[in-house]
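Student: got a structure for you, letters missing:
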């Protein structure tokens, strides 16, 4: 679906923050932002775990979005909405080409039905054929219709028209698409890790195609809660410590255990490393590959200073931060990492 930049803005509705952004221009190497804002999500109004009613206070979310858009003097009316990854069920299906050609919608529903925790008729489903051999691989996204309508509804009640609703992760993939599919990288196994608030989403690309995707139930909020409980500090103090404190070393990673803040979050960070390792090991075994060539790290959790060095040290896989691959600029300056 082609979008008109002059008419469209994006709103990312998360459990911790709501991000609103309007683009001026974009290409494979640079995104220029015309206007943006990051506000706190009204407390306990968005629950980003898989459930029937993730929006617990629609009125508060609508009011927050409407108020901020008025402050921003947003002059466009169509909205692209992204939601937490845990609210969308994603599956890879292998479907005979004849079925794809004849009636892909019916075939997808038939194959997805046993995988969904609720009746198939309660879901909005979209799919895309990602290769076209004798047996086509089809990637499918399913979101409970009530949830889809609820997220679209809060934007609509704020006075804007929702035109797209998607997961945060797939929106991120669009940013790195040209990098993943260029001639140099096309045959590599490149992992994308979105280190979000409630979870981390992990996928591996090869030959320009997503091969696997997994949600890991560890995100930045787990680290925040650990700091709060172990250091007896407030949430605000924990968030500030995450931004300014020393946790990870850029050099001498073997000396990491001497850093006090790191030792506080070490058990949770260790879980993250274990889950990433298991995700990659499963992929390598399934597709009979030998290695992950590199990891692209993005998301709010990636803003921990030097976290990429710590992950690289434990997994022995080269890591690139997403903001080093695509420049994001606002007023001719790089956007702050916490806002990207």
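Tutor: It's in. Quick caveat: nothing in here was measured; it's all calculated off a predicted structure.
Student: Confirm that residue 242 sits in a strand.
Tutor: No: following the definition DSSP: H, G, I helix; E, B strand; the rest coil, residue 242 is helix and is not counted among the residues of a strand.
Student: Where does pLDDT dip in the stretch 101-250 of the chain?
Tutor: Residues of the stretch 101-250 of the chain meeting the criterion pLDDT under 70: 101-102, 132-134.
Student: Helices of that one, residue ranges please.
Tutor: Using DSSP state H, counting those that start in this stretch, the helices found in the stretch 101-250 of the chain span residues 145-157, 168-181, 220-231, 235-244.
Student: Could you dump those helices into TSV with mean neighbour count added?
Tutor: Using the backbone N, CA and C atoms, a C-beta is placed for each residue, glycine as well. As requested, the helices of the stretch 101-250 of the chain are arranged in TSV below (neighbours: other Cβ atoms under 10 Å):
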stretch	mean neighbour count
helix 145-157	18
helix 168-181	18
helix 220-231	18
helix 235-244	14
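Student: among those, which is nearest residue 4?
Tutor: Shortest distance between residue 4 and the helices of the stretch 101-250 of the chain, using Cβ to Cβ, is found for helix 168-181: 16.3 Å.
Student: Give the bridge partners for residue 205, please.
Tutor: Taking DSSP bridges, one finds residue 190, residue 210 as the beta-bridge partners of residue 205.
Student: same question, residue 19
Tutor: Those that pair with residue 19 in a beta bridge, by DSSP bridges, are residue 12, residue 38.
Student: Can you give me the distance of it to residue 156?
Tutor: Between residue 19 and residue 156 the computed distance is 19 Å (Cβ to Cβ, to the nearest Å).
Student: buried residues in stretch 297-306?
Tutor: 297-305 (16 or more other Cβ atoms under 10 Å).
Student: In strands, which of these appear?
Tutor: By the criterion of DSSP state E, membership of these in strands covers 297-298.
Student: Output the buried residues of stretch 297-306 as a markdown table; include the columns distance to residue 39.
Tutor: Formatted as a markdown table, the buried residues of stretch 297-306 follow (distance: Cβ to Cβ, whole Å):
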| residue | distance to residue 39 |
| --- | --- |
| 297 | 25 |
| 298 | 21 |
| 299 | 18 |
| 300 | 14 |
| 301 | 19 |
| 302 | 21 |
| 303 | 17 |
| 304 | 22 |
| 305 | 24 |
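Student: I'd like to know which of the buried residues of stretch 297-306 is nearest to residue 82.
Tutor: For the buried residues of stretch 297-306, the residue nearest residue 82 by Cβ to Cβ is residue 299; the value is 12.1 Å.
Student: Provide a list of residues in contact with residue 123.
Tutor: 89, 112, 116, 142-145 (Cβ atoms under 8 Å, 6 or more residues apart in numbering).
Student: what two of the residues you listed are the furthest from one another?
Tutor: Using Cβ to Cβ, the two most remote members of the contacts of residue 123 are 112 and 145, lying 14.1 Å apart.
Student: Pull up the gap between the residue lying closest to residue 54 once chain neighbours are set aside and residue 117, please.
Tutor: Using Cβ to Cβ, 6 or more residues apart in numbering and skipping the chain neighbours, the partner closest in space to residue 54 is residue 47 (4.9 Å). Applying Cβ to Cβ, the value for residue 47 to residue 117 is 16 Å.
Student: Check residue 30 too.
Tutor: Separation of residue 30 from residue 117 (Cβ to Cβ): 41 Å.
Student: hmm, back to that, nearest to residue 275 among the buried residues of stretch 297-306?
Tutor: The shortest distance between residue 275 and any of these, using Cβ to Cβ, involves residue 301 and amounts to 13.0 Å.
Student: Look up the closest residue to that closest one, ignoring the ones flanking it.
Tutor: Closest residue to residue 301 apart from its sequence neighbours, by Cβ to Cβ, 6+ apart: residue 195 at 3.1 Å.
Student: Pull the number of nearby residues for the one you found.
Tutor: 25 (other Cβ atoms under 10 Å).
Student: Bridging across strands, which residues link to it?
Tutor: Beta bridges link residue 195 to residue 200, judged by DSSP bridges.
Student: List the contacts of it.
Tutor: Listed by Cβ under 8 Å, 6+ apart, the contact set of residue 195 reads 219-220, 297-302.
Student: for stretch 196-207, which positions count as buried?
Tutor: 196-206.
Student: Over to stretch 7-16?
Tutor: 8-16.
Student: Could you list every helix and strand that the longest helix seen in the chain packs against?
Tutor: Using DSSP state H, we find that the single longest helix of the chain is helix 260-287. Taking 3 or more Cβ pairs under 8 Å, 6 or more residues apart in numbering; DSSP states H and E as the contact definition, the neighbouring helices and strands of helix 260-287 are strand 200-206, strand 209-216, helix 220-231, helix 307-315.
Student: right, and residue 46 touches residue 55 too?
Tutor: Yes: checked against Cβ atoms under 8 Å, the pair residue 46 and residue 55 is within contact range at 6.2 Å.
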